[in-house]
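S.K.: My questions concern the predicted model and sequence given below.
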Amino acid sequence: MKVGVFDSGIGGLTVVKSILEEKLFDEIIYYGDTARVPYGPKDKNTIISYSLEALEFFKNFDIDMLIVACNSVSAYAIEELQKNTTIPVVGVIDSGVMALKNTTEDKKSEILVIGTSATVNSNLYDHHLRELGYENITSIPTPLFVPIVEEGIFSGNLLEEAMKIYFKDVKKTDVVILGCTHFPLIENEISNFLNGVKTIHSGDAIVKVLKDTYHLTSTHETKISFFASSNPDNLKNVAKKWLNL
Ligand code: DGL
């Protein structure tokens, strides 16, 4: 089984990490649109048109499934992608919502959703969670975490300051949805800052969907290739570091 993994840039490697650990595919083709990252501040039409271009890119590889690792793309472009291909397109938002459901059945739980402006403004997590009966949802755009993580800063004063600003009005929280590819890399810091709150990680959430809904099981080895619309060597270097390749 050959899968394409699409992200706006390098962040989707956190999702690849979870998939690689489970060895769910024979082959992974990763494509990051590094020439046009970040998608988070862009509008819906722009994100849709970039995503459809990425779909064209993957047509060269005869993939069996497309995983959208990017929350911003999952927020705005999943339906368009699905309309334009016959292969399954699996996004991180539906998967994250399912993971939340498996984490707490208490509909009164205080849920915090953090992500880019696109993800938060789309209201998609909020909408799906309310459909399931959850009542207490707060969503906060935290886009500064993206460049902080890209600078390789996973702890320390700069991150603390950003968390102080973003979380200044957050009171009690039971679960935080890490609605952005980069946030798993600062998962512990976010959890500790919010008093040990449980976290939902897109990569782990998607693995569960791949196993439960698509009945994928472990294979032997996964071959992986990396492509980027700009500076592919940087993507490969970051992949080596983050994925221990
Ligand atoms: N990959 C994006 C996401 O998960 C974060 C980076 C960006 O803004 O493009 O939303």
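M.R.: Arrived safely.

S.K.: Pro38 is in what secondary structure piece?
M.R.: Applying DSSP states H and E as the criterion places Pro38 outside every helix and strand.

S.K.: Repeat that for the one 10 residues further on.
M.R.: Taking DSSP H and E as the criterion, the element that holds Ile48 is helix 44-58.

S.K.: Give me the mean pLDDT for that helix.
M.R.: Model confidence over helix 44-58, given as mean pLDDT, is 98.

S.K.: So is that helix next to the ligand?
M.R.: No. Shown here: helix 44-58 not in contact with the ligand (C-beta under 6 Å from any ligand atom), separated by at least 9.0 Å. To be clear about C-beta, it is placed using only N, CA and C from the backbone, and glycine gets the same treatment.

S.K.: list the helices and strands that helix packs on?
M.R.: Applying 3 or more C-beta pairs under 8 Å, 6 or more residues apart in numbering; DSSP states H and E, one finds that helix 44-58 contacts strand 2-7, strand 27-32, strand 65-68, helix 71-76, helix 78-83, helix 117-122.

S.K.: Name the stretch from those that approaches the ligand most closely.
M.R.: Closest approach to the ligand among the helices and strands packed on helix 44-58 is made by helix 71-76 (3.6 Å; C-beta to the nearest ligand atom).

S.K.: Please enumerate residues in contact with that closest one?
M.R.: Residues from elsewhere that reach helix 71-76 (C-beta atoms under 8 Å, 6 or more residues apart in numbering): 6-8, 38-40, 42, 44, 47-48, 51, 68, 81, 91-94, 115-116, 118-119, 122, 124, 179-181, 202.

S.K.: can you tell me if stretch 85-101 touches the ligand.
M.R.: No. Stretch 85-101 does not reach the ligand (C-beta under 6 Å from any ligand atom); its nearest approach is 7.5 Å.

S.K.: can you tell me the distance between the two ends of that stretch?
M.R.: 29 Å (C-alpha to C-alpha, to the nearest Å).
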